[in-house]
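Peer 1: Pasting the sequence and the predicted model now:
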Amino acid sequence: MEKDRRVVITGVGAVTPLGNTAPELWEGVRNGRCGIDRITNFPQEDLPIKIAAQVKGFDPIAAGLKPIDVRHYDYFSQYAVAASLEAMRCSGLVSGENIDPLRLGVYIGSCIGGLKTFIDQTLVWKEEGASKVSPLFVPMLISNLGAGNTAIKVGANGPCLTPVSACATSTNSVGEAYLAIKHGQADAMIAGGSEAAVHPLTLGGFCNCKALSTAEDPLEASLPFDSRRKGFVMGEGAGILVLEEYEHAKARGAEIIAEVCGYGNTCDAYHYTAPHPDGTITAKAISDALSQAGFKAGENLYINAHGTGTQLNDKAETKAIKIALGTEEAHKAHISSSKSMTGHLLGAAGGVELIVAAMALKEGIVPPTIGLTSPDPECDLDYTPLKAVKADLDIAISDSLGFGGHNACVALRKYNG
């Protein structure tokens, strides 16, 4: 049996409320820019929700898609393919040239999939009958087509899966891709998640289960770890990373962004929407990832927190971090929630946040939690309020918690050559 192999990140790509490339995402997060704004492209009907974190100015043709792709892909699939093409360009990998297509895989998940397609074609069926439903209904709807269309575009014949674990989806995607390379199933993986679900239907569902912020000021809406927080802000987009076996990347002279070195995956088995309030099972996912990464007390740690801005999540996550690290180390850790700027991208959140964590390690900058002016006494760790800080980071983790009790955590180390 082949021994475990090292795994590194050689490419990143993003479509987000802060910009439609990974550099634009990182520039926005690093500088504390808010990507949340008032909803303008559809009426809010009778909902109290007036804001969201929507993708702005996305040009699929400029991103590398063809006109036929735009007609045949739901928005979530467009975002996934666009971010994947960027990540592959960033990595320098070209299937069939510097990597065997059978050794290149795709793990891209989506929490909801082709929501707009589902709604549009449901209305067609209701108003005109089943005979008028588009023949593209199913291929545009199903959530695996973010991965499938990406594999077609880049020529990836290796492992291809679509994890679905609610808001932990793309953290699981990256974690499972890491394992696929580590255990020899692939030499490179395109991994992450995509979501395009900002719509009155989803806003109504989340609003009525009291999960969303009803703030009308975008700067006062997504407030992770703040005593004024009242829920999360819906977001959309995609976050994709290219993971590659270290020797393969080194042999072709690839630029390495960070090393992937740990993955934890647990389930609260407690409630279908609420996290377990004591944080113990989330803590196990975090401690598993850190243990595999060889984390030692005293190392400079950055945590990109799930940090949704809901009352239950932020308290439970704070407890989990303390349990996983021990109280003393937890208070030393640099922590922030980029959801304060991007909103919550659901199945794409973990991919976007792992890009942020990787860039924080690479550049030695801890991005801020904007809007954090009145910290909750029960959320008493260093959540990097308002402004980024410089720090010589050694290791970073990104953790995600999803409906159904899903907990996922991926650990990265700074790459020093």
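Peer 2: That came through fine.

Peer 1: Ramachandran coordinates for the nearest residue to Leu25 once chain neighbours are set aside?
Peer 2: With C-beta to C-beta, 6 or more residues apart in numbering as the criterion, Leu25 has its nearest non-adjacent residue at 4.4 Å, and that residue is Ala14. To be clear about C-beta, it is placed using only N, CA and C from the backbone, and glycine gets the same treatment. With angles defined as degrees, to the nearest 10, Ala14 sits at phi -150, psi 150.

Peer 1: can you tell me which residues contact Ala14?
Peer 2: 20-22, 24-25, 83, 86, 237-240, 351-352, 355 (C-beta atoms under 8 Å, 6 or more residues apart in numbering).

Peer 1: Thought Phe76 was touching Glu195, still the case?
Peer 2: Yes: using C-beta atoms under 8 Å, Glu195 is in contact with Phe76, at 5.8 Å.

Peer 1: Please say which of those two ends up with more neighbours.
Peer 2: Ranked by neighbour count (other C-beta atoms under 10 Å), Glu195 and Phe76 place Glu195 first, with 36 against 32.

Peer 1: got the residue ranges for the helices in the chain?
Peer 2: Under the criterion DSSP state H, the chain contains helices at 22-30, 67-72, 75-91, 115-128, 137-141, 145-154, 169-182, 200-208, 246-251, 280-292, 311-325, 327-332, 339-342, 349-363.

Peer 1: Return the set of residues that bridge with Val410.
Peer 2: Tyr263, Ser398 (DSSP bridges).

Peer 1: Roughly how far does the residue nearest to Val242 when sequence neighbours are not counted sit from Gly192?
Peer 2: Closest residue to Val242 apart from its sequence neighbours, by C-beta to C-beta, 6+ apart: Gly11 at 3.3 Å. Per C-beta to C-beta, to the nearest Å, Gly11 is found 11 Å from Gly192.

Peer 1: anything in contact with each of those two?
Peer 2: Ala87, Leu241.

Peer 1: Neighbour count for the two, which is higher?
Peer 2: Gly192 (38 against 25).

Peer 1: what's the closest of the helices of the chain to Arg38?
Peer 2: Taking C-beta to C-beta, helix 200-208 is the member of the helices of the chain nearest to Arg38, at 13.1 Å.

Peer 1: for that closest one, which positions count as buried?
Peer 2: Of the residues in helix 200-208, Pro200, Thr202, Leu203, Gly204, Phe206, Cys207 count as buried by neighbour count, 16 or more other C-beta atoms under 10 Å.

Peer 1: and that helix, how far from the chain's centre?
Peer 2: Computed by C-alpha atoms, centre = their mean, to the nearest Å, the chain-centroid distance of helix 200-208 equals 21 Å.

Peer 1: What separation is there between Val29 and Glu329?
Peer 2: For Val29, the distance to Glu329 - C-beta to C-beta - is 25 Å.

Peer 1: neighbour-wise, which of the two wins?
Peer 2: When Val29 and Glu329 are compared for neighbours, Val29 comes out ahead with 30 against 18, by other C-beta under 10 Å.

Peer 1: pretty sure that one contacts Ser337?
Peer 2: No: at 10.5 Å, Val29 does not count as touching Ser337 under the criterion of C-beta under 8 Å.

Peer 1: Tell me which residues touch Glu176, please.
Peer 2: Tyr107, Leu161, Pro163, Ala191, Tyr263.

Peer 1: picking up where we left off before, please convert the buried residues of helix 200-208 to a markdown table, extending it with distance to Glu245.
Peer 2: Converted to a markdown table, the buried residues of helix 200-208 look like this (distance: C-beta to C-beta, whole Å):
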| residue | distance to Glu245 |
| --- | --- |
| Pro200 | 45 |
| Thr202 | 38 |
| Leu203 | 42 |
| Gly204 | 45 |
| Phe206 | 39 |
| Cys207 | 45 |
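
Peer 1: Run through the protein and note the low-pLDDT ranges.
Peer 2: In the predicted model, the chain carries pLDDT under 70 at residues 1-2, 44.

Peer 1: Could you break it into its assigned domains?
Peer 2: Segmentation of the chain into domains, based on automatic domain parsing, reads 7-251, 260-413.

Peer 1: which residues sit in contact with the closest residue to Leu354 other than its chain neighbours?
Peer 2: Spatial nearest neighbour of Leu354, chain neighbours left out: Ser398 (4.9 Å); criterion: C-beta to C-beta, 6+ apart. Contact analysis of Ser398 by C-beta under 8 Å, 6+ apart lists Thr171, Ile303, Asn304, Gly350, Glu353, Leu354, Val356, Ala357, Cys409, Val410, Leu412.

Peer 1: How about Ala289?
Peer 2: Gly262, Tyr263, Gly264, Ile397, Asp399, Cys409, Val410, Ala411.

Peer 1: Try it again at 7 Å.
Peer 2: Ala289 makes contact with Gly262, Tyr263, Gly264, Ile397, Cys409, Val410, Ala411 under the criterion C-beta atoms under 7 Å, 6 or more residues apart in numbering.

Peer 1: excluding its backbone neighbours, what's nearest the fourth one?
Peer 2: When you say that, I think you mean Ile397. Ile397's closest residue in space is Ala411 (C-beta to C-beta, 6+ apart), at 4.9 Å.

Peer 1: how near is that neighbour to Pro23?
Peer 2: 24 Å.

Peer 1: Next, work out how far apart Ile36 and Gly28 are.
Peer 2: 11 Å.

Peer 1: Looking at the two, which one has more neighbours?
Peer 2: Using other C-beta under 10 Å as the criterion, Ile36 and Gly28 rank with Ile36 on top: 28 against 21.

Peer 1: That one reaches Phe232, doesn't it?
Peer 2: No: between Ile36 and Phe232 there is no contact under C-beta atoms under 7 Å: 10.6 Å.

Peer 1: Which neighbours do these two have in common?
Peer 2: Joint contacts of Ile36 and Phe232 (C-beta under 7 Å, 6+ apart) are Ser222.

Peer 1: Pull the contacting residues for the nearest residue to Ala316 once chain neighbours are set aside.
Peer 2: Using C-beta to C-beta, 6+ apart and skipping residues adjacent in sequence, the residue nearest Ala316 is Pro275, 4.3 Å away. Counting by C-beta under 7 Å, 6+ apart, Pro275 touches Asp268, Thr282, Leu312, Asn313, Ala316, Leu401.

Peer 1: Kindly report the same for Ile36.
Peer 2: Per C-beta under 7 Å, 6+ apart, neighbours of Ile36: Pro17, Ile51, Ala53, Pro218, Ala221, Ser222, Val233, Gly343.
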